[in-house]
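*Asks:* Coordinates for the following, if possible.
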Amino acid sequence: MKTPKAAAIHDLSGIGRCSLTAAIPILSAMGIQPCPLPTAVLSNQTGFSKYELVDLTDHMESFGQCWAPWYGQFDAVYTGFLSNPKQAQVTRGLVEKLRSENTIVLVDTVLGDHGIRYPIFDEEMCRRVRELAFDADVITPNLTEACLLAGEPAEAAQDMQTRAELIQLASYLASQGPGAVVITGIRDEDRVANLAYSKEDSRCFWETNQRIEYSYSGTGDVLASVLCGGLTRGFPMGEVLRNACRFIGMALEETAEAGTDPREGILFEPFLGELIEMF
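*Replies:* Model (predicted):
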């Protein structure tokens, strides 16, 4: 039986469960071969006060050229944090080389959070990520990033009050290209919600987790990785989103009980067995 391949274009952090350190074990547990193409290597993720970073932007195209024998053979292409406009532009070119007619392209659009655009990004970066996102099949912005992709200021996320407004935003983003839009990290009283919108049939899916005291780094990466794995395996969006939230809920509860430093991310490793059973 053929094992599906997923090209994962992300950074690699030694400490902190995010990007490739989330994508590789999760995709592997779901029966998918992760093929990482690193954008940068970090000593630890950037939420810590001190870190070392080796930027690989200038090597990405040559890395991709070495993959030429496998162009068109990937079942999924999955991109995450990109550090500069050139990197986003190079990634867009790589996606076009790596994808085939049946490839699922999932873009996790990392631009900001909590109504604030990350200070390292400017308007050019937003434009490049928007171009990449609108070429994708599935995008997974948080609410702030969804506003930025729609050409709205990051602060507009603070004014989104109703589910109808969120669905309208997701529908607009889908009209720009993606077949599915998953808006993550929506505050819903004492819950955190995730909304998935399917352009094909205008169906919406709404799944929540209990909101806890801390905001843990990399939770969105875990969600996007499970979505990538489940959709690549052919499961329907509603089921994939529901199981992804179940998986994250178990990990969040364990993480809170363990008193883990939020910068180290959520303890998903003990629940990879449950993830295997879900899919």
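*Asks:* Which residues does the helix ranked longest in the chain contact?
*Replies:* In the chain, assigned by DSSP state H, the helix with the most residues is helix 237-258. Helix 237-258 is contacted by residues 180, 182, 194, 196, 198, 203, 205, 207-210, 212-214, 216, 219, 222-223, 226-227, 230-231, 265-268, 270-271, 274-275, 278-279 when judged by CB atoms under 8 Å, 6 or more residues apart in numbering. From N, CA and C alone the C-beta is placed, and that goes for glycine too.
*Asks:* Now do whichever helix or strand comes after it, average pLDDT.
*Replies:* Under the assignment DSSP states H and E, the closest C-terminal helix or strand after helix 237-258 is helix 272-278. Mean per-residue pLDDT for helix 272-278: 96.
*Asks:* Buried residues in helix 272-278, which are they?
*Replies:* 275, 278 (16 or more other CB atoms under 10 Å).
*Asks:* coming back round to it: pLDDT on the longest helix of the chain, on average?
*Replies:* Mean predicted lDDT for helix 237-258 stands at 96.
*Asks:* Return the set of buried residues in that helix.
*Replies:* Neighbour-count burial for helix 237-258 [16+ other CB under 10 Å]: 237, 240-256.
*Asks:* where do the strands sit along the protein?
*Replies:* 5-13, 33-42, 53-55, 76-79, 104-107, 112-113, 116-117, 138-139, 180-188, 191-198, 204-210 (DSSP state E).
*Asks:* Let me have the ones you listed in TSV, extended by distance to C66, mean neighbour count and mean pLDDT.
*Replies:* Compiled in TSV, the strands of the chain are given as follows (distance: least, CB to CB, whole Å; neighbours: other CB atoms under 10 Å; pLDDT from 0 to 100):
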stretch	distance to C66	mean neighbour count	mean pLDDT
strand 5-13	12	25	97
strand 33-42	10	20	97
strand 53-55	19	14	95
strand 76-79	16	29	98
strand 104-107	20	25	98
strand 112-113	33	20	94
strand 116-117	34	16	96
strand 138-139	27	28	98
strand 180-188	31	22	94
strand 191-198	35	21	95
strand 204-210	39	17	94
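*Asks:* Any chance of a markdown table for these, columns distance to Q161?
*Replies:* Below are the strands of the chain laid out as a markdown table (distance: least, CB to CB, whole Å):
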| stretch | distance to Q161 |
| --- | --- |
| strand 5-13 | 33 |
| strand 33-42 | 36 |
| strand 53-55 | 38 |
| strand 76-79 | 31 |
| strand 104-107 | 27 |
| strand 112-113 | 18 |
| strand 116-117 | 19 |
| strand 138-139 | 23 |
| strand 180-188 | 10 |
| strand 191-198 | 13 |
| strand 204-210 | 15 |
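*Asks:* wait, which of those strands is closest to A174?
*Replies:* strand 180-188 (5.0 Å; CB to CB).
*Asks:* Strand 191-198 and that closest one, what's the angle between them?
*Replies:* Interaxial angle of strand 180-188 relative to strand 191-198 (axes from the mean of the first three to the mean of the last three CA atoms, to 10 degrees): 160 degrees.
*Asks:* so strand 180-188 versus helix 237-258, what angle?
*Replies:* 40 degrees.
*Asks:* how near is Y78 to N142?
*Replies:* Per CB to CB, to the nearest Å, Y78 is found 17 Å from N142.
*Asks:* Could I get the contacting residues of M278?
*Replies:* Counted by CB under 8 Å, 6+ apart, M278 has contacts 243, 246-247.
*Asks:* and it, how far is that from R191?
*Replies:* When CB to CB is applied, the distance between M278 and R191 equals 21 Å.
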